[in-house]
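S.K.: Generate coordinates for the sequence data below:
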Amino acid sequence: MKNLRDELKQMKYELDLIQIIYCDKEEAKKFRKMENEKIPLPYDVSKDEVNNFFRYIDTDLSEQELNQLFMLRKILYLRTIKNILIFFVVITIIFLLISLFCFLGLI
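M.R.: Numbering: from 1, shown residues only. From the prediction side, this is the model:
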């Protein structure tokens, strides 16, 4: 079961706010030894599906840059939603016109 801290790290990774850096062989060996001895891994260390160890590294973006990034992503997503809505409205109008012409016997 994932805890909230793991979920937070995963969400930050999916939003590109943190990066993944894989550990070298010496660190991996040390972390495997810690696992075998049932010692908890450091906060920023995790394992992937194939048991490779990696660290989450924060990006060096300032608060202002993060706000700007989120604002620009919102604009991009809103533009995409607008284009999808326009597409469906046009398709609906075309369908209604074809239905009307078929009903009136013009086609």
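S.K.: Give me the residue at the spatial middle of this protein.
M.R.: Geometric centre of the chain, nearest residue: residue 14, 3.1 Å, by C-alpha atoms, centre = their mean.
S.K.: who does the helix or strand harbouring residue 94 touch, helix- and strand-wise?
M.R.: Using DSSP states H and E, the element containing residue 94 is helix 63-104. Contact partners of helix 63-104 among helices and strands, from 3 or more C-beta pairs under 8 Å, 6 or more residues apart in numbering; DSSP states H and E: none. Bear in mind the C-beta positions are built from the backbone N, C-alpha and C, glycine included.
S.K.: sorry, back to before: pLDDT at the residue nearest to the centre of the chain, what is it?
M.R.: On pLDDT, residue 14 comes in at 83.
S.K.: From residue 56, how far out is it?
M.R.: 12 Å (C-beta to C-beta, to the nearest Å).
S.K.: Ok, residue 31 next?
M.R.: Distance, residue 31 to residue 56, by C-beta to C-beta: 14 Å.
S.K.: what does residue 101 give?
M.R.: As judged by C-beta to C-beta, residue 101 and residue 56 stand 59 Å apart.
S.K.: more neighbours, the two?
M.R.: residue 56 (17 against 11; other C-beta atoms under 10 Å).
S.K.: Just confirm the more buried one is within a helix.
M.R.: No. If the criterion is DSSP: H, G, I helix; E, B strand; the rest coil, then residue 56 is strand and not within a helix.
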